[in-house]
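In: sequence and predicted structure are below.
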Amino acid sequence: MDKIRIRGGRPLHGQIPISGAKNATLPLMAASLLTDGTLTLSNVPHLADIATMASLLAQHGVSVGIDGAAPGGGHTGRVMALQAGTITSTTAPYDLVRKMRASVLVLGPLVAREGRARVSLPGGCAIGTRPVDLHLKGLERLGAKVELTAGYIEASAPGGLVGAEIVFPFVSVGATENLLMAATLARGETVLLNAAREPEIVDLAECLSAMGADIEGAGTDRIRIRGKDRLHGAAHTVISDRIETGTYMMAVAITDGDVELIGGRLDLVRSVADALTPAGLTVEETARGIRVRRANGRLTGIDVMTEPYPGFPTDLQAQLMALMSTAGGAAMITETIFENRFMHVPELTRMGANINVHHASALVRGVPRLTGAPVMATDLRASVSLVLAGLAAEGDTILSRVYHLDRGYERVEEKLAACGAEVERIRES
Ligand SMILES: CC(=O)N[C@H]1[C@@H](OP(=O)(O)OP(=O)(O)OC[C@H]2O[C@@H](n3ccc(=O)[nH]c3=O)[C@H](O)[C@@H]2O)O[C@H](CO)[C@@H](O)[C@@H]1O
Ligand SMILES: C=C(OP(=O)(O)O)C(=O)O
């Protein structure tokens with residue numbers, strides 16, 4: 001298993017290309033199941049999760065073609081062509097689903113197109129129990145019969161799905177995506193209320209519309225879908241990764257650097273910029289992306305609560321905690337989305353951070369400096385928070401279980417090293 005070694009203390013200077021969004025690409029790939037036409041996605045990031053979704057789709061019978069990296073390894077990403085001419089299997093097996101929870105996004109499209117699906121229950125993960133009850137109740141509202149048998153979701157709608165009003169009791173990105181996709185092939189009209197408003201939902205809706213779906217209101221909490229008999233192929237460019245953007249914003253901030261994030265979109269990270277500006281960061285839109293640097297001197301602690309979009313994203317909470325570990329004064333960080341998303345705290349503490357967790361809140365008292373240490377990744381965003389801490393720490397940090405990082409950060413060590421960081425991957429067989 002690979003490790004990453006970081007020698008801290010080097011400010012980042014230069015440019016970092018932002019990749020296409022993992023969390024947009026995964027549902028977009030699942031949407032290919034809705035049509036026998038070809039769905040061509042550009043700006044697809046080269047990540048482990050994307051490879052997992054490609055394997056899952058392949059075993060459903062989808063042909064997946066990838067053109068290789070863009071010339072020069074640039075930020076324009078890969079082009080992926082997906083064609084689900086015939087669905088050869090409606091089962092999503094445990095072995096693939098357990099690797100990646102987003103595999104459950106094949107459920108809605110499979111039931112909508114084939115009238116049935118058998119999808120392994122994803123189960124919990126390091127950050128929480130993460131049930132899928134809203135996905136299942138929503139499918140039932142669309143007329144599917146849903147049973148849980150031997151760890152699998154068995155859903156059937158032999159006569160096809162029928163549009164309905166679905167009110168989510170709380171916001172779920174995945175349930176909104178699954179039901180949005182399912183509703184595009186349901187008979188009649190579906191209305192999703194208290195729908196997630198994440199940019200990845202808007203991206204999915206735009207792609208589905210290009211495939212012939214009739215969707216209004218994506219990006220608001222009320223999405224109306226008029227079902228169609230069939231969808232067709234389309235070409236779509238994946239939006240830039242706002243979580244990667246926010247992560248590098250904080251990497252620049254923690255090292256007191258000055259970097260332009262090429263392809264980063266300020267409108268997608270507004271809540272992050274709004275939180276980090278009072279902390280002492282300058283965030284400016286440029287012709288090609290976003291420029292980030294400190295306004296002057298040490299950053300100051302801020303209080304932040306994670307919320308569904310447009311609030312501060314839970315996927316940037318761990319990175320913010322690393323940043324606040326070296327800020328002046330105290331910061332209170334409250335996690336409202338996942339019940340167990342503080343797994344990075346003991347590891348940051350091992351690097352000298354002063355953090356006390358009380359239920360869903362962490363009180364971070366800034367220390368003058370962190371010290372490098374061997375640390376272990378527990379989940380994707382926790383692992384990158386340790387990379388950030390390592391960039392600012394005195395001495396060497398060695399991060400193990402890098403496979404978590406590889407799920408969501410494309411060429412992270414190359415991107416950081418190109419801006420002056422001393423970071424290298426230690427490949428181990
Ligand atoms: C691949 C992808 O896009 N992943 C993102 C997606 O995950 P995901 O789609 O899994 O997250 P959700 O928005 O569904 O989860 C929000 C909360 O609702 C709960 N819940 C969700 C569904 C359900 O049926 N029942 C239920 O109780 C979850 O356990 C969690 O506490 O949104 C999260 C919240 O922004 C992000 O952290 C993840 O990076
Ligand atoms: C939690 C994440 O992903 P997933 O929902 O796939 O676990 C994430 O991207 O931070």
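Out: Everything's here; your move. Ligands and ions are numbered 1, 2, ... in the order given.
In: show me where the stretch 1-150 of the chain has its helices.
Out: Along the stretch 1-150 of the chain, the segments classed as helices by DSSP state H, counting those that start in this stretch run 22-31, 48-60, 94-97, 107-114, 133-141.
In: any idea of the angle the fourth one forms with helix 133-141?
Out: Taking axes from the mean of the first three to the mean of the last three Cα atoms, to 10 degrees, one finds that helix 107-114 is oriented at 20 degrees with respect to helix 133-141.
In: quick one: which of the helices of the stretch 1-150 of the chain is nearest A235?
Out: Closest to A235 of the helices of the stretch 1-150 of the chain is helix 22-31 (Cβ to Cβ; 11.4 Å). In this view, the C-beta of every residue, glycine as well, is placed from N, C-alpha and C.
In: okay, buried residues for that closest one please.
Out: 22-31 (16 or more other Cβ atoms under 10 Å).
In: likewise stretch 211-230?
Out: Buried-residue list, stretch 211-230, by 16+ other Cβ under 10 Å: 211-213, 215, 218-219, 223-228.
In: list just the nearest of these to T371.
Out: Among the buried residues of stretch 211-230, and counting by Cβ to Cβ, the member closest to T371 is G219, at 43.9 Å.
In: SS state for the closest residue in space to that closest one that isn't next to it in sequence?
Out: Setting aside the residues directly before and after it, G219 is nearest to V202 in space (Cβ to Cβ, 6 or more residues apart in numbering), at 4.4 Å. What DSSP: H, G, I helix; E, B strand; the rest coil gives for V202 is helix.
In: ok, V202 - how many residues close by?
Out: If you count neighbours by other Cβ atoms under 10 Å, V202 ends up with 19.
In: distance of the closest residue to G188 other than its chain neighbours relative to ligand 1?
Out: Using Cβ to Cβ, 6+ apart and skipping the chain neighbours, the partner closest in space to G188 is G163 (3.6 Å). For G163, the distance to ligand 1 (Cβ to the nearest ligand atom, to the nearest Å) stands at 20 Å.
In: I'd assumed V283 was in contact with L266.
Out: Yes: counting by Cβ atoms under 8 Å, L266 touches V283, with 7.0 Å between them.
In: more neighbours: the two, which one.
Out: Neighbours per residue (other Cβ under 10 Å) separate L266 from V283, with V283 holding more: 22 against 18.
In: relative to ligand 2, how far out is the closest residue to the more buried one other than its chain neighbours?
Out: With Cβ to Cβ, 6+ apart as the criterion, V283 has its nearest non-adjacent residue at 4.2 Å, and that residue is A273. Separation of A273 from ligand 2 (Cβ to the nearest ligand atom) stands at 20 Å.
In: ok, A273 - contacts?
Out: Contact analysis of A273 by Cβ atoms under 8 Å, 6 or more residues apart in numbering lists 249, 266, 281, 283.
In: in strands, which of those residues fall?
Out: Those of these mapping onto strands are 281, 283, per DSSP state E.
In: now do the shared contacts for L266 and V283.
Out: 273, 290.
In: ok, how many other residues are close to the closest residue to ligand 2 within the stretch 151-300 of the chain?
Out: Closest to ligand 2 within the stretch 151-300 of the chain is I243: 6.4 Å, counting by Cβ to the nearest ligand atom. By other Cβ under 10 Å, the residues close to I243 number 23.
In: what about the residue lying closest to it once chain neighbours are set aside, neighbour count?
Out: Spatial nearest neighbour of I243, excluding adjacent residues (Cβ to Cβ, 6+ apart): D315 at 4.5 Å. Using other Cβ under 10 Å, D315 has 23 neighbouring residues.
In: model confidence for D315, exactly?
Out: With respect to pLDDT, D315 scores 98.
In: contacting residues for it?
Out: 23, 243, 246, 381.
In: does the second one sit in a helix, a strand or a coil?
Out: In this case it means I243. helix.
In: re the thing from before, okay, the residue nearest to G219: pLDDT?
Out: Value listed for V202 in the pLDDT field: 98.
In: right, and it touches A218 too?
Out: Yes: because the distance of 4.9 Å satisfies Cβ under 8 Å, V202 is recorded as touching A218.
In: could you chop this structure up by domain?
Out: Domains of the chain are assigned by the TED database as 3-18+241-426, 22-227.
In: for ligand 2, what are the nearby residues on the stretch 1-150 of the chain?
Out: 23, 100-102 (Cβ under 6 Å from any ligand atom).
In: restrict the residues you listed to those near ligand 1?
Out: Okay, of those touching ligand 1 (Cβ under 6 Å from any ligand atom), that's 23, 101-102.
In: in the stretch 301-429 of the chain, which residue sits nearest ligand 2?
Out: Closest point on the stretch 301-429 of the chain to ligand 2, by Cβ to the nearest ligand atom, is D315, at 4.1 Å.
In: I'd like to know which elements the host helix or strand of L323 is packed against.
Out: Secondary structure assignment for L323, by DSSP states H and E: helix 317-324. With contacts defined as 3 or more Cβ pairs under 8 Å, 6 or more residues apart in numbering; DSSP states H and E, the packing partners of helix 317-324 are helix 242-255, strand 330-334, helix 345-350, strand 361-365, helix 380-392.
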